[in-house]
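Asker: I would like to see how this sequence folds:
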Amino acid sequence: MSDGALFSTDTVTTEARYQWHLWVADVLDMATAALVGWAALRALEQERTPVAMVIAMVVAWILVSAVGGVWGRTLWRQLAGVRLVRAARPPGIPRGVARAFTAPVDLLIAPVLQRRPFDTMLGLYAEPVTAGLSARLKGLAPQLAWLVLLVGSVWLIVTPTRAEMLKYLGRTLTGWHCCHGTRDVTWECKTSLNRAVREARSGREDVKTVVADCPVAAERLAKP
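Answerer: Below is the predicted model:
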């Protein structure tokens, strides 16, 4: 065996060279899916039991994996500088969905085995996107929908649900101070008042009852 063959960098496979870029992207994609699932429950005003949270997050992860299979890219893969491919083409929905169940296992065992056996079984691997910071940032444009989804999810998580708004304004001391304007306006106070006025105008009777006992909200509601 020649020295050239022995020390050639060609022996480093594409899968090995970029597996950690993909590993980081997968971790962030899973975190994004968890946020989306949590936000979806809040948007639907569903009770957030542990079982409901797990189901919502798993469903969100499957959807993220399916969409990521269509193009081979997600927001975090693009930022990590890789895309997921099979024979230099996007994996497709079936493999994207299948990977939703295998990727978490690969994430756990990759640090030990230094490879991703389930991705290999599915014929999937990471390849680099166009080199250069400028090209990578331009490639973010098609991923803006992911960014909008992430920002929207964070907004839903930090904004009170209807149940939280009713409880805060109608049954808590801090909510009473918010309704009477006796303390500095906090984020929870501001967003709860805004939602109460908006839903009272839409005709929700339970909200109207709370607004009637909340001078600040009632004053805003009386304005055109």
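
Asker: Could you use CA atoms for every contact and neighbour count after this?
Answerer: Noted.

Asker: which residues are contacting the strand or helix carrying residue 85?
Answerer: In this structure, residue 85 sits in strand 82-85 according to DSSP states H and E. Here strand 82-85 makes contact (C-alpha atoms under 8 Å, 6 or more residues apart in numbering) with 18, 21-22, 69, 72-74, 77, 90-91, 124-129.

Asker: And the residues you listed, which is closest to residue 146?
Answerer: residue 74 (7.3 Å; C-alpha to C-alpha).

Asker: For residue 149, list the residues it contacts.
Answerer: residue 36.

Asker: Surely it is in a helix?
Answerer: Yes - counting by DSSP: H, G, I helix; E, B strand; the rest coil, residue 149 is part of a helix.

Asker: distance of it from residue 72?
Answerer: 18 Å (C-alpha to C-alpha, to the nearest Å).

Asker: What is the helix ranked longest in the chain packed up against?
Answerer: As assigned by DSSP state H, the longest helix anywhere in the chain is helix 14-43. When contacts are defined as 3 or more C-alpha pairs under 8 Å, 6 or more residues apart in numbering; DSSP states H and E, helix 14-43 packs onto helix 50-71, helix 75-80, strand 82-85, helix 93-113, strand 125-128, helix 144-158.

Asker: middle-most residue in this protein, spatially?
Answerer: residue 32 (2.6 Å; C-alpha atoms, centre = their mean).

Asker: ok, the closest residue to that residue other than its chain neighbours - contacts?
Answerer: The shortest distance from residue 32 to any non-neighbouring residue, by C-alpha to C-alpha, 6 or more residues apart in numbering, is to residue 150 (6.7 Å). Applying C-alpha under 8 Å, 6+ apart to residue 150 gives the contacts 32, 35-36.
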